[in-house]
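In: after the sequence you'll find the predicted model.
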2 protein chains.
Amino acid sequence: MVKHRSVLIYGTSLAILLFLLRWLELRYIIFDHAMEIYVGAIAVIFTALGIWLALTLTKPKIERVVVEKEIYIEKAKAFVFNEADTAKLGISKRELEVLQLMAQGFSNAEIATRLFVSLNTIKTHASNLFIKLDASRRTQAIEKAKTLSLIP
Amino acid sequence: MVKHRSVLIYGTSLAILLFLLRWLELRYIIFDHAMEIYVGAIAVIFTALGIWLALTLTKPKIERVVVEKEIYIEKAKAFVFNEADTAKLGISKRELEVLQLMAQGFSNAEIATRLFVSLNTIKTHASNLFIKLDASRRTQAIEKAKTLSLIP
DNA sequence: TAAAAAATCGCCCGAAAGTATGAGGGTAAA
DNA sequence: TTTACCCTCATACTTTCGGGCGATTTTTTA
C-alpha cells in the first residue's frame, strides 16, 4: 500500500488545487461558476476511479532478482598420482602395479596370479620396492607410498 | 502491455457508453445538453489519466529468486574415528592400538617392544583382529580398517 | 561376588614374506 | 652396437606371520 502513496498524494493535491482555484474565483465571481466546480469534482473522482481501476485490475509488476546462494559440497578428495616422486625413486611401471595390489591386501601369490607371472617375480619386485622405498616390510612400504601419494 | 488490456477495454467501453447515452439524448433534446457531453469527456479523460498515473508510478514488486550455486570443496579429510563399527566388531582398546601400529608399518616384534608386552601377546591380538576384521593378512586388515575409518 | 570380557603369555608348525644371488631376454638410448 | 634398464624366473636361506591350541591374570560388569 505504501507503494501507491505518490499516486494518492498526486490525486489529493490535484483535488485541493482545483478547489483552491474555485475558492479564489468565488471571491469575486460569486456563485455563477457552480458548473465548473462540478466539472472539477468529476475530474478528481474519475482520476481516482482510474487509479483504482488500474491498481485492482492490473497484475502486479514483478521484477525478478536472481540471488546466487553458494552451496558447499564436500568432495571425496580425488587422488592425484605423484608422478614426480615415483620417477625420482626410480619405481617402474610393473613395480607400481605390484605396490598397488600389495596395498589392497593381496598376498604375493595372489599378485602373481593376477599379473600372470611367477611368485618369484613378485618377490623380486617387492624386494626392489622395499629398497627404493627404504622399507623393510610391506606394511611400511604401503605406508610410505600412501603418504607420498604414489598410491590412493 | 497485454496485462493492461482489461483496463483499456473498460475505459474505452465507458467512453463509448457515455457517448452513446449522449447521442440517444441528442435525438430529442437536441443540443441543449452540450455541457453534459463536456462533463462526460472530462470523466473519460481523467479516468485515462488516473490509469496512466497508476501504471507509471507504481513501483514493481521485487521478487527474489534464489539460485543455488554448487561449489565443490576438496575435503581436507579430517579423520573421524568410527566408534560405532569398532564396537560392533568387538574390537578392544588394546587391539586397536596394535592395529594402529600395524598400519604404521611396525613388525609384531616392534609393536611388542613399544607396548611393553611379549611378541606372543601381539600375535594373539593380531590373530583376533584378523578374525574380527575378516582378514587373512595384516595388509588386508589395515585396508579394511582404513575404509571403515577405524584408523586414519 | 560371581561371571564375562579383556589382556597377558607360551609353544608348535606351516605358510608367507623377505634376502641374496644369478641369469636370460627385451627395449631404448648413447 | 654396446650400455643400461626393466621384466622375468629360479634356487636357497632366513625371518616374520598367522593359525591352532591352551592357560593365567587382571578388569569390568551384571
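Out: Thanks, I have it. Numbering: from 1, shown residues only, chains lettered A, B, ... in the order given.

In: can you pull up the bridge partners for the most centrally placed residue in chain A?
Out: Nearest to the geometric centre of chain A sits residue A:70, at 3.7 Å (CA atoms, centre = their mean). Beta-bridge pairing for residue A:70 (DSSP bridges): residue B:69.

In: residue A:105 sits in which helix or strand?
Out: In the assignment (DSSP states H and E), residue A:105 maps to no helix and no strand.

In: also residue A:65?
Out: Per DSSP H and E, residue A:65 falls inside strand A:62-75.

In: average pLDDT for the helix or strand following that strand?
Out: Counting by DSSP H and E, the next helix or strand C-terminal to strand A:62-75 is helix A:83-88. The predicted model gives helix A:83-88 an average pLDDT of 92.

In: export helix A:83-88 to CSV, keeping only CA atoms.
Out: This file holds the C-alpha atoms of helix A:83-88, laid out as CSV (Å, rounded to 0.1, in the frame of the first residue of the first chain):
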residue,chain,number,x,y,z
GLU,A,83,54.4,-39.0,-10.8
ALA,A,84,57.4,-36.9,-9.7
ASP,A,85,58.3,-38.9,-6.7
THR,A,86,57.6,-42.1,-8.4
ALA,A,87,60.2,-41.2,-11.1
LYS,A,88,62.6,-39.8,-8.5
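
In: list the buried residues for that helix?
Out: Within helix A:83-88, the residues that count as buried by 16 or more other CB atoms under 10 Å in any protein chain shown are residue A:86. Every C-beta, even on glycine, is put in place using the N, C-alpha and C of the backbone.

In: distance from it to the middle of the chain?
Out: Taking CA atoms, centre = their mean, to the nearest Å, the mean C-alpha location of helix A:83-88 is offset from the chain mean by 37 Å.

In: mind listing residues that contact that helix?
Out: By CB atoms under 8 Å, 6 or more residues apart in numbering or on different chains, the list of residues contacting helix A:83-88 from outside reads A:96, A:148, A:149, A:150.

In: and the next helix or strand past it?
Out: Next along the chain from helix A:83-88, counting by DSSP H and E, comes helix A:93-103.
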